[in-house]
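Here you go, sequence then predicted model.
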Number of protein chains: 2
Amino acid sequence: MNRSASIKDVANHASVAVGTVSNVLNYPDRVSQRTKERVLRAIDELGFIRNDAARQLRAGHSRTIGLIVLDVGNPFFTSVVRAAEDAAALQGSAVLLGDSGHNASRESNYIDLFQEQRVQGLLISPVGDVTERLDLLRDRGIPTVLVDRLADEDKYSSVSVDDDAGGYLAARHLLDTGRRRLAFVGGPTSIRQVADRLQGARRAVKEEPDATLEVLDSEGQTVLAGRSVGNMLVERGRGDLPDGIFCANDLLALGVMQSLTMTHTLKIPEDIALIGYDDIDFAVSAVVPLSSIRQPTEALGRTAIELLAEELESTGPRHRAVIFTPELVVRQSTGPAQGTAAG
Amino acid sequence: MNRSASIKDVANHASVAVGTVSNVLNYPDRVSQRTKERVLRAIDELGFIRNDAARQLRAGHSRTIGLIVLDVGNPFFTSVVRAAEDAAALQGSAVLLGDSGHNASRESNYIDLFQEQRVQGLLISPVGDVTERLDLLRDRGIPTVLVDRLADEDKYSSVSVDDDAGGYLAARHLLDTGRRRLAFVGGPTSIRQVADRLQGARRAVKEEPDATLEVLDSEGQTVLAGRSVGNMLVERGRGDLPDGIFCANDLLALGVMQSLTMTHTLKIPEDIALIGYDDIDFAVSAVVPLSSIRQPTEALGRTAIELLAEELESTGPRHRAVIFTPELVVRQSTGPAQGTAAG
DNA sequence: TCGTAACAATGAAACGATTCAAAGATTTGA
DNA sequence: TCAAATCTTTGAATCGTTTCATTGTTACGA
């Protein structure tokens, strides 16, 4: 049993024409019950497996969708991937996953690969500037949906999350629980996500006349960076401290939390409330469970597939940009304040 | 430019035969310099992209390798995937990644998909019992290499890590730094990894006549599970505590660390040393940087691809099981002890 | 100048599915 | 019972490559 059975073998074994076998596979309604059973039995007996290459060659397109993410290790993307796979499966497609690892050349290799494979379409959260390549793809009939990046609706469809709204949500929550002296901790504001979240926070703070927002720059977005910001705060002494801290992501927040709790004098949330962003797994299991902003990753993945399906149907020049609003997750780290005056 | 250019279009455009274009692509040495240039220019001008389906159909096999992991979100697998992709790229293949998410039916779907795609071979860290399917695959000429699972060399090739050795390494390190009252924290010992690590630790402890090993069962392998074991320890009171704790993974260790540090009386590593397993990113940035056992994930990924290549060449009935030894990573959490008597 | 070897280029056949016009079988209604 | 309508089945053509036997070209020594 060296080479696997072809549709022709099945046809012979069931004593029907190859076209009939194909019909059983693709248009079962066109085939009589009796014949169908014979063919199915033959398929089973020979262990026939459809050769996707041949099908694709004839049909002109595949049943697979390419998905290129920045980092599969990032829970955000992992979750998007899961949702996309499930949504694709529902419509009978499979997802080919590529991990660019923030590396433009890996990204480019995947685009090549997917193009050779003639995927139905491409979902991508781009690293480099790939707009030219994506334009070429579209001309060749391979539509693209940008993921986690807002795109001009004249050019592409996209799904993204409103970071400004997320920032607003976080700051508003701190304000609503009575905090007035807020601080924002975030990496270089050249990162769009960071800038947007800060902007949203500013918007919220402006709504309360007696509230202030201090911006603490961090070196990167890691636990260590958070810890050094935290240490800096601790050294300031009690009088000069914020009573609510919003970190641009959960790693930073966990770092800040480590510094503050190690003092054994400052208490979270009584003295300082703390909220992060992303709602990573570790947020729940922090020493003080961390409040956070959760991004609707499942919706992102599902919607990306839906937009791609739309692109495949209508070939209009107009596309859709779907923007999701993130969600507040309240945990212990932003519990009620101790003695601060409420607004 | 609706349908993309075929090799025939290229041949016309360059005024050569289709076979020549194919040779330029696959056997450049067989073609004269002049012709090659003409063809390459034509390819460029038409934006020709090889149709992989057609190539595959004719060649009988693809240039892709299927890789199914238990959980792409797990840093262990992420790293294995990276290494496998890089190794595959070196030999001109691409990796199609599937994430089973510990779900047997997803796993099965991926096997179907990869089989329809006629992948060259399959790397898999299996969820369910897939041996029958894998046997079928092999009969059809698709070899399999098991990843992170030891397999009978008469049946499959495999790459795995010696968990017993890892357990030994961790316990030996605690002993070498002067600890004698050891504890092992680990989930249900029905999980092979947990059992093996415990076994290795036992081996090390037997080497020191005055050393003891206590086994503390945890409910699962999470931070929370670790914390509840830690709390239990804290309640015991100082006299009755171990002086070195080995956790079956880093999450557990981080949980234990949280409990111990929250007491503000027990100090790590002076009172109790703590070592985990896996060396996840968070290990470095824990309050007390966590010592751990690092698995050679890059080697796993690379070797899996190499074994697959071997399988593709020789069709002998014998396979290879490569077992790697993990590596000790020493950080602050197992620094020198305070007053415990050394052996 | 010729014969031969080495090298280049050719183009038809094949891979395994889908498609579709045409042929064959069956049902329906009168 | 027959013609028309409907339902099944057939099998050749097709997709875009690779393969390989064949033909064409060039270089070289005798």
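Thanks, I have it.

check contacts around A:Leu150.
A:Ser158, A:Ser160, A:Ala321, A:Ile323 (Cβ atoms under 8 Å, 6 or more residues apart in numbering or on different chains). Where C-beta positions appear, they are placed from N, C-alpha and C, glycine not excepted.

between the residues you listed, which is nearest DNA strand D?
A:Ser158 (30.2 Å; Cβ to the nearest atom of the strand).

Please parse chain A into its domains.
Listed domain ranges for chain A are A:7-50, A:62-160+A:297-325, A:163-294+A:329-334 (source: automatic domain parsing).

Now the shortest one: average pLDDT?
Model confidence over domain A:7-50, given as mean pLDDT, is 94.

hmm, it in reach of chain B?
Yes. Contact of domain A:7-50 with chain B (Cβ under 8 Å from any Cβ of the partner chain) involves A:Gly47, A:Ile49, A:Arg50.

The first one touches A:Asp9, doesn't it?
This means A:Gly47. No. Using Cβ atoms under 8 Å, A:Gly47 makes no contact with A:Asp9, being 10.3 Å away.

Looking only at neighbour counts, state which of those two leads.
Shown here are A:Gly47 and A:Asp9; by other Cβ atoms under 10 Å in any protein chain shown, A:Asp9 has more neighbours (17 against 12).

what about the more buried one, which helix or strand?
Counting by DSSP states H and E, the element that carries A:Asp9 is helix A:7-14.

Now find how far off-centre that helix is within its chain.
Taking Cα atoms, centre = their mean, to the nearest Å, one finds the center of helix A:7-14 at 45 Å from the center of the full chain.

For that helix, buried residues please.
Residues of helix A:7-14 classed as buried by neighbour count (16 or more other Cβ atoms under 10 Å in any protein chain shown): A:Ile7, A:Asp9, A:Val10, A:Ala11, A:His13, A:Ala14.

out of the residues you listed, which one sits closest to A:Ala183?
Of all the buried residues of helix A:7-14, A:Ala183 sits closest to A:Ile7, with 66.9 Å by Cβ to Cβ.

Pretty sure that closest one sits against A:Ser22.
Yes. With contact defined as Cβ under 8 Å, A:Ile7 counts as touching A:Ser22 (6.5 Å).

who touches stretch A:310-327?
So stretch A:310-327 is contacted by A:120-121, A:143-145, A:150-163, A:165-166, A:169, A:293-296, A:299-300, A:303, A:307 (Cβ under 8 Å, 6+ apart).

May I have that stretch exported as CSV, CA atoms only?
C-alpha atoms of stretch A:310-327 as CSV (Å, rounded to 0.1, in the frame of the first residue of the first chain):
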residue,chain,number,x,y,z
GLU,A,310,-17.3,39.5,2.9
GLU,A,311,-14.2,40.4,0.9
LEU,A,312,-14.4,37.2,-1.0
GLU,A,313,-18.0,37.7,-2.0
SER,A,314,-18.1,41.4,-3.0
THR,A,315,-15.2,42.7,-4.9
GLY,A,316,-16.1,46.3,-4.3
PRO,A,317,-13.4,49.0,-3.7
ARG,A,318,-14.8,49.7,-0.3
HIS,A,319,-13.9,47.8,2.9
ARG,A,320,-14.9,47.7,6.5
ALA,A,321,-13.0,48.6,9.6
VAL,A,322,-14.5,47.1,12.7
ILE,A,323,-13.4,48.6,16.0
PHE,A,324,-14.0,46.8,19.3
THR,A,325,-14.3,48.3,22.7
PRO,A,326,-12.4,46.6,25.5
GLU,A,327,-13.9,45.6,28.8
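
So for it, mean pLDDT?
Mean per-residue pLDDT for stretch A:310-327: 88.

Check stretch A:97-106 too.
On average, stretch A:97-106 scores 91.

And for stretch A:228-245?
For stretch A:228-245, mean pLDDT is 92.

Can you list the buried residues in that stretch?
For stretch A:228-245, using 16+ other Cβ under 10 Å, the buried residues are A:Val229, A:Gly230, A:Asn231, A:Leu233, A:Val234, A:Leu241, A:Pro242, A:Asp243, A:Gly244, A:Ile245.

Number of residues surrounding the closest residue to the third one other than its chain neighbours?
Distances taken as Cβ to Cβ, 6 or more residues apart in numbering or on different chains place A:Ser259 nearest to A:Asn231, at 4.9 Å, with adjacent residues excluded. The number of residues packed around A:Ser259, counting by other Cβ under 10 Å, is 20.

And for A:Pro28?
Neighbour tally, A:Pro28, other Cβ under 10 Å: 12.

That one is in contact with A:Glu37, isn't it?
No. At 11.1 Å, A:Pro28 and A:Glu37 do not qualify as touching, with contact defined as Cβ under 8 Å.
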